[in-house]
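*Asks:* A predicted structure for the sequence below; I have some questions about it.
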Amino acid sequence: MASLAPLSYSSYRTYLECPLRWKFLYVDRLPEEPRGYFTFGRVVHSVLEELVRPLVVPGARRVSAAETQRTLDDWPGAGRAEHADLMSREEMLELYDRAWLSDGYASPEEEARYRALGRDLLGRYYDELTRDRPRPIAVEEHLEARWDGIPIHGYIDRIDRTPAGGLEIVDYKTSRELSHEDARDSDQLTLYQVLVEKNYTEPVERLTLFHLRSLKPLRAAPRASTALSVLHDRMGTVSDGIRAEAFEPTPGRQCSRCDFRSRCPEFSEVPKGEAERLRGLVDRFEALRAEEGRLEGELRRTADELHRAAEELGVHRVPGTRAIAVRKREESWMYPVEAVRPLLERAGLADRIGSGSPEEIRRLVRDPTVDPEIRRRLAEAGSRRVRWYWELDDGPAGSRSLRS
Ligand code: SF4
């Protein structure tokens, strides 16, 4: 079994989409082709981090028994950070130019479009920030925790203090479209809530996706315990799969943007030298499958004909040339639990059955210590099913059965 490194949201998502792709990325550490929209997101995030960092007043962390708990009031810069100098708009745009990366864009035109978009949204964000300063306790913070046995981690864009003294988790998004449902349903925010709750003492009050293109904070309430359990179960399934090294390919829409198609069995082609031999095997397999279906049908029809003849003649053993066909009977009973349980309760016998399986009821029907009237009514409530089948007795070699 593989040991489990802490799961991030993207690692969890990747495994859910395709375990083999997860292996290529997290075990084999194969690089992916850069993509313009990811590069763009990284650059914008890095500028926002530098822009907001002067406003940070660290919050109260959960500490081990050996450490002393620091609170907001212990932080020497607490009073000043609200009035800290922000870099100027020009400084921010210079920083943006310095941070710019050209990796992954499909063309110079696409890169220019993204670059202009970044200047525009950062400029508007800057205006918003000077109008309404947040009170961050952390930016780009790496948090780790153990969530009931599952190691987890994540980088959180921003954690703010709310007016009521709680915490707001903010995740910047540069994507085109975003809705309130995205904030309500985001597993990423759910995971961040767990990370923050396990690392900070103040309660999480809001989960927010900040849509940078529209400057809209899309807010959701913190997740209740049911939603937390659902994600914990899913992450547990993922971590079990990783520990068991279950890395099967799972083809789907994600394949179109997967860089590992040439290594994936779902997309790999049979080597030319093997093609002829394998084609022969596939053709034979296909023919045997067709034959199997035909033989199954013929076997059933022959057994039915034997049944009818055996019924008419009143015989259970029919000799053939090499073996004797022996007719066998199998009986099963069905009892409607909704009818049987009240009867047993009235008779004080409810504790004699567990799940109410037919075998349990049948035992009561046969039990001489049970009132005969109850046994009769139980028997009447049941319906019997009889199946006949044939066994071939071929002497010392043993017998083979054919159920039909
Ligand atoms: S091509 Fe599809 S199935 Fe294969 S590893 Fe990539 S995502 Fe998985």
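*Replies:* Yep, that arrived.
*Asks:* what helix or strand is the residue positioned nearest the centre of the chain on?
*Replies:* Here the mean C-alpha position of the chain is nearest to the C-alpha of R234 (C-alpha atoms, centre = their mean), at a distance of 4.5 Å. Taking DSSP states H and E as the definition, R234 sits inside helix 225-243.
*Asks:* For that helix, which outside residues touch it?
*Replies:* Helix 225-243 is contacted from outside by 1-4, 7, 12, 15-16, 19, 22, 147-150, 152, 187, 190-191, 193-194, 223, using C-beta atoms under 8 Å, 6 or more residues apart in numbering. Backbone N, C-alpha and C define where each C-beta goes, glycine included.
*Asks:* what's the answer for stretch 122-130, then?
*Replies:* 44, 47-48, 51-52, 86, 89, 92-93, 96, 212, 215.
*Asks:* Residue in the stretch 51-200 of the chain with the shortest distance to the ligand?
*Replies:* The minimum distance from the stretch 51-200 of the chain to the ligand, using C-beta to the nearest ligand atom, falls at G104 (18.4 Å).
*Asks:* need the helices for this structure, in chain order.
*Replies:* 9-17, 19-22, 36-52, 78-81, 89-99, 108-131, 180-185, 187-199, 225-243, 272-313, 337-346, 358-366, 372-381 (DSSP state H).
*Asks:* Confidence-wise, which of the ones you listed is weakest overall?
*Replies:* Lowest mean pLDDT within those: helix 78-81, a mean of 55.
*Asks:* related to what we said a few turns ago, quick one: distance of the helix holding R234 to the chain centre.
*Replies:* Here helix 225-243 is found 7 Å from its chain centre; the criterion is C-alpha atoms, centre = their mean, to the nearest Å.
*Asks:* buried sites along it?
*Replies:* For helix 225-243, the buried set under the neighbour-count rule, 16 or more other C-beta atoms under 10 Å, comprises 228, 231-232, 235, 238-239, 241-242.
*Asks:* near the ligand at all, that helix?
*Replies:* No: on the criterion C-beta under 6 Å from any ligand atom, helix 225-243 is out of touch with the ligand, staying 13.9 Å away.
*Asks:* Up against the ligand, what does the stretch 151-300 of the chain have?
*Replies:* Neighbours of the ligand within the stretch 151-300 of the chain, by C-beta under 6 Å from any ligand atom: 249-251, 254-255, 258, 260-261, 264, 266-267.
*Asks:* The same query, at a cut-off of 8 Å, please.
*Replies:* Within the stretch 151-300 of the chain, the positions lying close to the ligand (C-beta under 8 Å from any ligand atom) are 249-252, 254-255, 258-261, 263-267.
*Asks:* Quick check on those: which are buried?
*Replies:* Buried among those by 16+ other C-beta under 10 Å: 249-250, 255, 258, 260, 264.
*Asks:* Could you dump these into a markdown table with distance to P336 added?
*Replies:* Formatted as a markdown table, those follow (distance: C-beta to C-beta, whole Å):
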| residue | distance to P336 |
| --- | --- |
| P249 | 46 |
| T250 | 42 |
| C255 | 49 |
| C258 | 52 |
| F260 | 54 |
| C264 | 51 |
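*Asks:* can you name the two of those that are farthest apart?
*Replies:* T250 and F260 (12.8 Å; C-beta to C-beta).
*Asks:* Residues in contact with both of those two, list them for me.
*Replies:* When contacts are counted by C-beta under 8 Å, 6+ apart, T250 and F260 have L20 as shared neighbours.
*Asks:* any idea which of the buried residues of helix 225-243 is closest to the ligand?
*Replies:* Proximity of the buried residues of helix 225-243 to the ligand was ranked by C-beta to the nearest ligand atom; the top entry is G241 with 13.9 Å.
*Asks:* how close does that closest one get to P217?
*Replies:* Counting by C-beta to C-beta, to the nearest Å, the gap from G241 to P217 is 35 Å.
*Asks:* got a list of what Y26 touches?
*Replies:* Applying C-beta under 8 Å, 6+ apart, one finds that Y26 lies in contact with 5, 11, 14.
*Asks:* ok, of those residues, which come out buried?
*Replies:* Counted by 16+ other C-beta under 10 Å, the contacts of Y26 give 11, 14 as buried.
*Asks:* Looking at the contacts of Y26, which is nearest R277?
*Replies:* Using C-beta to C-beta, T14 is the member of the contacts of Y26 that lies nearest R277, at 36.0 Å.
*Asks:* Assess the claim that the closest one and K23 are in contact.
*Replies:* No: contact between T14 and K23 fails when scored by C-beta atoms under 8 Å: they sit 9.7 Å apart.
*Asks:* Quick check: R384 touching W333?
*Replies:* Yes: shown here, R384 and W333 form a contact pair, counting by C-beta under 8 Å, at 5.6 Å.
*Asks:* So which of the two has more stuff around it?
*Replies:* Ranked by neighbour count (other C-beta atoms under 10 Å), R384 and W333 place W333 first, with 16 against 9.
*Asks:* any idea of the pLDDT on the more buried one?
*Replies:* Turning to W333, the model gives it a pLDDT of 85.
*Asks:* can you pull the contacts of it?
*Replies:* So W333 contacts 358, 361-362, 382-385 (C-beta under 8 Å, 6+ apart).
*Asks:* can you redo those residues as CSV with distance to K328?
*Replies:* Below are those laid out as CSV (distance: C-beta to C-beta, whole Å):
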residue, distance to K328
P358, 20
I361, 24
R362, 19
G382, 22
S383, 21
R384, 16
R385, 15
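*Asks:* So which of those wins on neighbours?
*Replies:* I361 (23 neighbours).
*Asks:* Pretty sure it sits against L378.
*Replies:* Yes: at 6.1 Å, I361 and L378 qualify as touching, with contact defined as C-beta under 8 Å.
*Asks:* Between those two, which contacts overlap?
*Replies:* Joint contacts of I361 and L378 (C-beta under 8 Å, 6+ apart) are 335, 340.
*Asks:* any residues touching stretch 255-267, and which ones?
*Replies:* With C-beta under 8 Å, 6+ apart, stretch 255-267 has contacts from 18, 20-21, 24, 30, 32-33, 249, 251, 268.
*Asks:* Generate a PyMOL selection restricted to the buried entries among those.
*Replies:* A single PyMOL command is used to select the members of these judged buried by 16+ other C-beta under 10 Å:
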select buried, resi 18+20+21+24+249
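*Asks:* What separation do you get for the spatially closest residue to G118 that is not a sequence neighbour and D97?
*Replies:* Distances taken as C-beta to C-beta, 6 or more residues apart in numbering place V44 nearest to G118, at 5.5 Å, with adjacent residues excluded. In this view, V44 and D97 are 13 Å apart by C-beta to C-beta.
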